[in-house]
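*Asks:* return atomic coordinates for the entry below.
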Amino acid sequence: MSVKVAPSLLSADFSRLYDEVKRIEANGADWVHLDVMDGHFVPSITIGPVVVQSLRSQTDLFMDAHLMVSEPDNHLEQFIEAGANLVTIQFEATAHLDRVLRKIKKAGAKAGVALNPATPASVLEYVWPLLDLVLVMSVNPGAGGQAFIPEVLPKIKYLANQIHSRSLQVELEVDGGINLETAPAVIKAGASVLVAGSAVFKAENGMDLINDLKKMQNVL
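*Replies:* Next up is the predicted model:
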């Protein structure tokens, strides 16, 4: 799989989200990553389905909605109806992972599971056939601008090996502290989708990072 870049709107200028989405689209982004927070699973509150619906009408980018919310099965269908192409739920937020993944698929979206830094990869053992994506959190969820946690690298490598050995068409996404310094190790470990927020939207020449990350796989 080639490496995709999914800029996270969590670090964008919320007063001009339309312009920010168009900017990443023009600079080569593959996906747009939507961090949905409810003030319960994580302390922050961010966007809801209305924002997703508004953005959907303005872009053809693949919409990757990461639900950092409690009881995600109560919210899935709203985000899918609003235009999310893929819905990722936190493993730690539900007691019924199999049921929630099946509900996402039935509603017509691709299904993903996010694992916090301390959550072992083994929790996915019995749901692999339902997955389109695994998201490895390389920071603890809830805020942008955090430093990459290098201890997750063996988990990324293990999951990449599982996907390969099972001949699965599953994307392996990594989110948290991704920049030019941390990305090489993440790509080498097997990641296929890189989420970058602060490094894209808040850094000088941050838009250049999108293509820099995509080119990186060719030189590693």
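*Asks:* low-confidence ranges in this protein?
*Replies:* Scanning the chain for pLDDT under 70 picks out 1, 219-220.
*Asks:* go again using 80 as the cut-off
*Replies:* Scanning the chain for pLDDT under 80 picks out 1, 142-145, 217-220.
*Asks:* elements contacting the helix of greatest length in the chain?
*Replies:* Counting by DSSP state H, the longest helix found in the chain is helix 153-165. Helix 153-165 sits against strand 133-137, strand 171-175, helix 183-189, with contacts defined as 3 or more C-beta pairs under 8 Å, 6 or more residues apart in numbering; DSSP states H and E. Every residue, glycine included, has its C-beta placed from N, CA and C.
*Asks:* angle of it against strand 133-137?
*Replies:* Counting by axes from the mean of the first three to the mean of the last three C-alpha atoms, to 10 degrees, helix 153-165 lies at 170 degrees to strand 133-137.
*Asks:* what lies in contact with helix 153-165?
*Replies:* 115, 120-121, 124, 128, 134, 136, 168, 170, 172, 174, 185-186, 189-191 (C-beta atoms under 8 Å, 6 or more residues apart in numbering).
*Asks:* mind running it again at 6 Å?
*Replies:* The contact list for helix 153-165 (C-beta atoms under 6 Å, 6 or more residues apart in numbering) reads 121, 134, 136, 170, 172, 185, 189-191.
*Asks:* buried ones only from these, please, as a ChimeraX command.
*Replies:* Buried residues within the contacts of helix 153-165, by 16 or more other C-beta atoms under 10 Å, are selected in ChimeraX with:
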select :121,134,136,170,172,189,190,191
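*Asks:* contacts only, for residue 52.
*Replies:* Residue 52 is in contact with 79, 82-84, counting by C-beta under 6 Å, 6+ apart.
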